[in-house]
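**Q** okay, structure incoming, though there's no sequence with it:
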């Protein structure tokens, strides 16, 4: 079947059929034509795109894909993409806006970098999305619980990253995103294609999929691109402060993320089925607790009578 890209995304709640960081692909209100790729066409495009330089992939994206955004946590690869975009001479002027998920648990160095990037690229528009109902780490803890990433890491990922991503895609009517994922980062990214379509119908483009960490770092150096100061302190991949550590020489680039845990992704790039199971389990527990409470109330009432 063809893979379809919806013109916009409907509202999704935390405990419904939504399964990942991307909203449902269906919409009865869609009025714009859908972007359609057959499986054969997608394979053909990947065969062509994998031999192009990242700048050429980006030029193709800008002139081909509607409602294109860059999702970024301001890692090295994302910064290289941002710099490349700023230097493209494309047939029609278009600045690709950024989407930044502020989990409220970033390092202070990461937040300082966001300001430096804004200063370096004044024409850049950064859309910041935070967890619902919270503007600070303290508010997040009060609303959802202290150290939630330890008590329930799946729920933390949903609240801090997945739901805000859904909201961003829905509100901005996103059809396609540029990501900073690369094959050399290892784990589930080892067989990454340049062009993907997730189960919700979102186009995801990985322009630097073929590049190594050293290639990205050299680009940053050669072009004097601002970067996270933590990279000079042994970090290679920087996420939340509570789940990111420096890496040793020779270790995988993302080995400093979620050390001691089986996970390698925060949920935004995980299969939808994982979150379907997670949300269904949450709803099942809620219903069981409600039923148990109702039975207890009945027993108390009967005893009083």
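**A** Everything's here; your move. Quantities reported herein were computed from a predicted structural model and do not represent experimental measurements.
**Q** correct me, but residue 237 touches residue 246?
**A** No - the pair residue 237 / residue 246 is not scored as a contact, 10.4 Å apart, by C-beta atoms under 8 Å. Glycine gets a C-beta too; all of them are placed from N, C-alpha and C.
**Q** neighbour count for those two, which is higher?
**A** The residue with more neighbours, out of residue 237 and residue 246, is residue 237; 21 against 14, by other C-beta atoms under 10 Å.
**Q** my guess is the more buried one is in a strand, correct?
**A** No - counting by DSSP: H, G, I helix; E, B strand; the rest coil, residue 237 falls outside a strand, being coil.
**Q** would you mind measuring from it to residue 215?
**A** Remark: distance between residue 237 and residue 215 (C-beta to C-beta, to the nearest Å) = 16 Å.
**Q** what does residue 292 give?
**A** Going from residue 292 to residue 215 by C-beta to C-beta gives 56 Å.
**Q** neighbour count: the two, which is higher?
**A** Neighbours were counted for residue 292 and for residue 215 using other C-beta under 10 Å; residue 215 has more, 16 against 10.
**Q** can you classify the residue nearest to that one when sequence neighbours are not counted by secondary structure?
**A** With C-beta to C-beta, 6 or more residues apart in numbering as the criterion, residue 215 has its nearest non-adjacent residue at 8.0 Å, and that residue is residue 208. Secondary structure, three-state DSSP: residue 208 is coil.
**Q** burial of residue 208, as a residue count?
**A** By the criterion of other C-beta under 10 Å, residue 208 has 27 neighbours.
**Q** residue 102 too?
**A** Neighbours around residue 102, by other C-beta under 10 Å: 17.
**Q** for the residue nearest to it when sequence neighbours are not counted, give me its contacts.
**A** Nearest residue to residue 102 in three dimensions, chain neighbours excluded: residue 130, at 4.9 Å (C-beta to C-beta, 6+ apart). Residues counted as contacts of residue 130 (C-beta atoms under 8 Å, 6 or more residues apart in numbering) are 101, 102, 103, 104, 164.
**Q** try 7 Å
**A** Applying C-beta atoms under 7 Å, 6 or more residues apart in numbering to residue 130 gives the contacts 102, 104, 164.
**Q** so which of those belong to helices?
**A** Counting by DSSP state H, the part of those found in helices is residue 164.
**Q** format the contacts of residue 130 as TSV; extra columns: pLDDT.
**A** Listed next are these as TSV, based on pLDDT from 0 to 100:
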residue	pLDDT
102	97
104	98
164	94
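**Q** from the contacts of residue 130, which is closest to residue 67?
**A** residue 164 (18.1 Å; C-beta to C-beta).
**Q** the closest one contacts residue 101, correct?
**A** Yes - counting by C-beta atoms under 7 Å, residue 164 does reach residue 101; the two are 5.1 Å apart.
**Q** how close does the nearest residue to residue 145 once chain neighbours are set aside get to residue 174?
**A** Ranked by C-beta to C-beta, 6+ apart and with sequence neighbours excluded, the top spatial neighbour of residue 145 is residue 151, at 6.1 Å. Distance of residue 151 to residue 174, computed by C-beta to C-beta: 31 Å.
**Q** ditto for residue 211
**A** From residue 211 across to residue 174, the span is 24 Å (C-beta to C-beta).
**Q** of those two, give the one with the bigger neighbour count.
**A** More neighbours surround residue 174 than the other of residue 211 and residue 174, with 26 against 20 (other C-beta under 10 Å).
**Q** now do the helix or strand hosting residue 219: which elements does it pack against?
**A** Residue 219 is part of helix 213-222, with elements assigned from DSSP states H and E. Packed against helix 213-222 by the contact rule (3 or more C-beta pairs under 7 Å, 6 or more residues apart in numbering; DSSP states H and E) you find helix 76-86.
**Q** now do 10 Å
**A** Counting contacts by 3 or more C-beta pairs under 10 Å, 6 or more residues apart in numbering; DSSP states H and E, helix 213-222 packs against helix 54-64, helix 76-86.
**Q** possible to save those helices as CSV with mean neighbour count, distance to residue 195 and mean pLDDT?
**A** Shown next, in CSV, are the helices and strands packed on helix 213-222 (neighbours: other C-beta atoms under 10 Å; distance: least, C-beta to C-beta, whole Å; pLDDT from 0 to 100):
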stretch, mean neighbour count, distance to residue 195, mean pLDDT
helix 54-64, 19, 9, 94
helix 76-86, 23, 15, 96
